[in-house]
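Undergrad: I would like to see how this sequence folds:
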Amino acid sequence: MRVVGLDLGSKRIGVAVSDPTGLLASPYEVVERNDRSYDAIKRIVAEVEAERVVVGLPLSLSGADGPAARAARQEAAALADVLDVPVELFDERLTTVSANRSMMDLKMKADARRRVVDKVAAAVMLQSWLDSAS
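TA: Below you'll find the model as predicted:
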C-alpha cells in the first residue's frame, strides 16, 4: 500500500511517499503554501496512486494539543474533504529536529537544509507511521 505523508508548515508542506510495499518512506516534494496547495497534494496522491494520506500532528512534548495541533486537525479535516483517500493524523513530535540533525550530520549547509527539511521531516514522520502500522 502506497502512502503519502504530509508535514504541514506555515509556508511550505513537506511531502513524503512510501514505496509500493508500504515499508520505506522517502522525501518526495515540497509544496509552497498558496491557494493551489491542495490541488498539488491531490495531484501527488493521484500521481503515486496513494491509498492513504498521513498528516503530521504537532503535539506538545507533554502530548497535549496546542495551537499548531488544533490547526493540523482542522487542515486534515479539510484535506479529507478534497482527497479521494482516507486522511489520518500521526504524532510528529521532533520530526523536524530529527531531520535537521540528520542533515547536519551529513554536513549539509544551512541553505541546502532549508530547501529540503520539510520533505525530510515528512519522511521521518511517515517512516514512524509505517513502522507502527507493521
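
Undergrad: okay, CA-based contacts and neighbour counts for the rest of this
TA: Noted.

Undergrad: Just the buried positions in the longest helix anywhere in the chain, please.
TA: If you go by DSSP state H, the chain has its longest helix at helix 110-133. Of the residues in helix 110-133, 113, 116-130 count as buried by neighbour count, 16 or more other Cα atoms under 10 Å.

Undergrad: Then stretch 60-69?
TA: For stretch 60-69, by 16+ other Cα under 10 Å, it's 60, 65, 68-69.

Undergrad: and if you look at stretch 34-52?
TA: Those would be 38, 40-42, 44-45, 50, 52, for stretch 34-52 by 16+ other Cα under 10 Å.

Undergrad: in the protein, which helix or strand is least confident?
TA: Ranked by mean pLDDT, DSSP states H and E, the weakest helix or strand in the chain is helix 95-105, scoring a mean of 58.

Undergrad: Do you have the helices of this structure handy? List them.
TA: Going by DSSP H, the chain shows helices at 37-47, 67-82, 95-105, 110-133.

Undergrad: Generate TSV for those, with distance to residue 5 as supplementary columns.
TA: Formatted as TSV, the helices of the chain follow (distance: least, Cα to Cα, whole Å):
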stretch	distance to residue 5
helix 37-47	10
helix 67-82	12
helix 95-105	12
helix 110-133	5
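
Undergrad: right, so of those helices, which gets closest to residue 16?
TA: Proximity to residue 16 (Cα to Cα) singles out helix 110-133 among the helices of the chain, at 4.9 Å.

Undergrad: Extract the C-alpha trace of that closest one and format it as PDB.
TA: What follows is helix 110-133, C-alpha atoms only, in PDB (Å, rounded to 0.1, in the frame of the first residue of the first chain):
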ATOM      1  CA  ALA A 110      22.000  25.700   6.100                       C
ATOM      2  CA  ASP A 111      20.600  27.000   2.800                       C
ATOM      3  CA  ALA A 112      20.500  23.400   1.400                       C
ATOM      4  CA  ARG A 113      18.800  22.100   4.500                       C
ATOM      5  CA  ARG A 114      16.100  24.800   4.400                       C
ATOM      6  CA  ARG A 115      15.200  23.700   0.800                       C
ATOM      7  CA  VAL A 116      14.600  20.100   1.800                       C
ATOM      8  CA  VAL A 117      13.900  19.900   5.600                       C
ATOM      9  CA  ASP A 118      10.100  19.900   5.100                       C
ATOM     10  CA  LYS A 119      10.100  16.800   2.900                       C
ATOM     11  CA  VAL A 120      12.700  15.100   5.000                       C
ATOM     12  CA  ALA A 121      10.600  15.700   8.100                       C
ATOM     13  CA  ALA A 122       7.600  14.300   6.300                       C
ATOM     14  CA  ALA A 123       9.600  11.200   5.500                       C
ATOM     15  CA  VAL A 124      10.700  10.800   9.200                       C
ATOM     16  CA  MET A 125       7.100  11.100  10.300                       C
ATOM     17  CA  LEU A 126       5.800   8.700   7.600                       C
ATOM     18  CA  GLN A 127       8.500   6.200   8.400                       C
ATOM     19  CA  SER A 128       7.400   6.200  12.000                       C
ATOM     20  CA  TRP A 129       3.800   5.700  10.900                       C
ATOM     21  CA  LEU A 130       4.800   2.800   8.600                       C
ATOM     22  CA  ASP A 131       6.900   1.200  11.400                       C
ATOM     23  CA  SER A 132       4.000   1.500  13.900                       C
ATOM     24  CA  ALA A 133       1.500   0.000  11.400                       C
END
